[in-house]
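1. what follows is a predicted structure for the sequence shown.
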Amino acid sequence: MKYYLIAGERSGDLHGANLLKGIKSNDPDAKFRGWGGDLMQNEGMELVTHYKDTAFMGFLEVALNLHKISGFLKKCKSDILAYQPDVVILIDYPGFNLRIASFVKQHGFKVFYYISPKVWAWNQKRALKIKKNVDRMFVIFSFEIDFYKKFGYDVDYVGNPLMDAIEAFRPDIDFKSKHNLDDKKPIIALLPGSRKQEIIGMLDVMLTVQPHFPNHQFAIAGVKTLPTALYEKYLAGGKAVMIYDATYDLLSVAEAALVTSGTATLETALLNIPEVVCYKTSRFSYAVAKRVIQVRFISLVNLIMDKEVVRELIQNELNESQLVEELSSILHGGSKRASQLKDYAKLHEIVGGAGASERAGKLMVNYLKNA
C-alpha cells in the first residue's frame, strides 16, 4: 500500500521514522512519501519537504509567515493528489495537519492521525473537527481516551513512542573524550530547542547562569539542520561546548539540564535527568496564549503527572536569578533533586514501556486491510 506522511517538527521526524518501521513490519511492500526529516528519509520515505523549512512557533511567528505557510499547504495538497495514497498519516503539527485533514477527507482519502494535537490544552472544540475529518486517531497519552469520549469519538491508545527511542538508546562510552569534555567537571546540559527562533530566544538567558557555577561545564545540544553560525556567538570565551545531534548521549552524562518546553522536557525526565523547563516567546504570542490555554502547565512532564514535578520558568520568570536558584536546587545536594527523581519513577510507570510504534503500525495496516 501507499502511505503519505506529514511531520513538521524534529520530534515528529523521530516518531515518524519509528512508525515507518512499525508499518513496514506489517506491510513489507509499503511505499512511503511525505514531509518530515532525515530520520524518516533514512527509513525509506521519499522526502518532499524537510521540516526545517516548515517549523514555525508562536502566534505572531505564524501570522508573519502566513504567505509562506499558504504556499506549503498548496504544494502539499497538490502532491497528495498526484501521489494518490491509500492513506494520509498526519503526525502532530496541528496548525498545518488539521487543514490537510479537511482537504484530503473531502477528496476521499483515508486519514489517520498519529500523536493527537493538544486540543485538550486549548480550543477543545477542535475535537469535533478531528472527529469529522480523521478516520482513526492514535493517541499516546491515556487521558486522551476520556477526553475524546466527551465528543463521542473513540480513539486508539498505543502508548508513548518516546519509549521506543529511549529504550533503544545505548550510551556512547567514549562520548566525553570524543567531545573534549572534562571528566572531572560535572556537566549541565542546555537544550534550547530545534528552531532558529528558539535558539535566539533561549541560549542568551540560559548561559547567564554559567558564571554562577564555575565548577561545572556547560554543553549545548545543537542540531545540524540549523546553520552552525547560529550557535557561534554562544561559544565565545569557552562558555560552553557544542554537541550536535547527540542529545541522549549528552543527557546521559549530565548532572542536570535547562530545557526549552517541548518534547525534550519529557525525554529528559524519562532519561532521569533533573531539569528546569524554560519558555519565552514574543509578547504578542504570550498574550494570546494566556487567553486561550486551558491547562495549568506547559511541560509534558507536569501535564502527565498533573502536578508540578519540574519548575517551569515562563516569560518574565525566565531570568538569571530564577534560573540560578532553580538550577541550584536540582544539582547534587539541592533541595529538589531527590523529590524530582522520585516523581520521575512514577512518570515512568504512567508512560509505560516501548512498543508504541509497532502497535500503531500494526493497527494502521489492519484498519486499511479490513476497510
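-> Received it, and whenever you're ready, just let me know what you need.

2. okay, and Leu90 sits in which element?
-> Element membership of Leu90, judged by DSSP states H and E, is strand 87-91.

3. I would like the residues contacting the helix or strand just after that strand, please.
-> Past strand 87-91, further along toward the C-terminus, the next helix or strand under DSSP H and E is helix 94-106. Among residues not part of helix 94-106, those counted as contacts by C-beta atoms under 8 Å, 6 or more residues apart in numbering are 6, 8, 54, 62, 69, 72-73, 76-77, 80, 88, 90-91, 111, 113, 117-119, 126, 129-130, 132-134. (Glycine included, C-beta is placed from N, CA and C.)

4. which among these end up buried?
-> Buried members of those, counted by 16 or more other C-beta atoms under 10 Å: 6, 8, 54, 69, 72, 76, 80, 88, 90-91, 111, 113, 117-119, 126, 129-130, 133-134.

5. from the residues you listed, which land in helices?
-> The members of the buried ones among the contacts of helix 94-106 that map onto helices under DSSP state H are 69, 72, 76, 80, 126, 129-130, 133.

6. picking that back up, can I get the strand holding Leu90 in CSV, CA atoms only?
-> Taking C-alpha atoms only, strand 87-91 is exported to CSV below (Å, rounded to 0.1, in the frame of the first residue of the first chain):
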residue,chain,number,x,y,z
VAL,A,87,-3.9,6.7,3.5
VAL,A,88,-2.6,10.1,4.7
ILE,A,89,-0.9,9.8,8.1
LEU,A,90,-0.6,13.1,10.0
ILE,A,91,1.9,13.4,12.9
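
7. now it against helix 126-133, angle please.
-> Following axes from the mean of the first three to the mean of the last three C-alpha atoms, to 10 degrees, one obtains 160 degrees for the angle between strand 87-91 and helix 126-133.

8. run through the residues that contact Tyr114.
-> Shown here is Tyr114, whose contacts under the criterion C-beta under 8 Å, 6+ apart are 15-16, 19, 89-92, 138, 360.

9. pLDDT check: weakest of the ones in helices among the buried ones among the contacts of helix 94-106?
-> Lowest pLDDT of these: Ile69, 75.

10. for Tyr114, give its distance to Asp13.
-> For Tyr114, the distance to Asp13 equals 13 Å [C-beta to C-beta, to the nearest Å].

11. oh, that last question was meant for Leu190, not what I typed.
-> From Leu190 across to Asp13, the span is 21 Å (C-beta to C-beta).

12. and Tyr3, what is it in contact with?
-> 23, 30-34, 85-87, 89.

13. what sits closest to it if chain neighbours are left out?
-> Phe32 (5.1 Å; C-beta to C-beta, 6 or more residues apart in numbering).

14. just Asp172 next, same as before
-> Counting by C-beta to C-beta, 6+ apart, Asp249 is the residue found nearest to Asp172 once chain neighbours are left out, at 5.1 Å.

15. for the one you found, which three-state class applies?
-> Taken by DSSP: H, G, I helix; E, B strand; the rest coil, the conformation at Asp249 corresponds to helix.

16. neighbours around it, how many?
-> By the measure other C-beta atoms under 10 Å, the count of residues near Asp249 is 21.

17. how far away is it from Glu46?
-> Distance from Asp249 to Glu46, counting by C-beta to C-beta: 30 Å.

18. contacts only, for Asp245.
-> So, once contact is read as C-beta under 8 Å, 6+ apart, Asp245 ends up touching 222-224.

19. tell me the mean pLDDT over stretch 192-208?
-> So the average pLDDT for stretch 192-208 ends up being 88.

20. okay, buried residues for it please.
-> By neighbour count, and taking 16+ other C-beta under 10 Å as the criterion, the buried residues in stretch 192-208 are 192-195, 198-199, 201-203, 205-207.

21. now swap in stretch 95-111 and tell me
-> Going by 16+ other C-beta under 10 Å, stretch 95-111 has these buried residues: 96-101, 103-105, 109-111.

22. what is the most widely separated pair among the residues you listed?
-> By the measure C-beta to C-beta, the buried residues of stretch 95-111 have their two most distant members at Phe96 and Lys110, which lie 18.6 Å apart.

23. please, which helix or strand holds Ala219?
-> Ala219 is part of strand 217-222, with elements assigned from DSSP H and E.

24. name the residues that touch that strand?
-> 179, 181-182, 185-192, 203, 207, 210, 228, 231, 234-235, 239-247, 250-251, 254.
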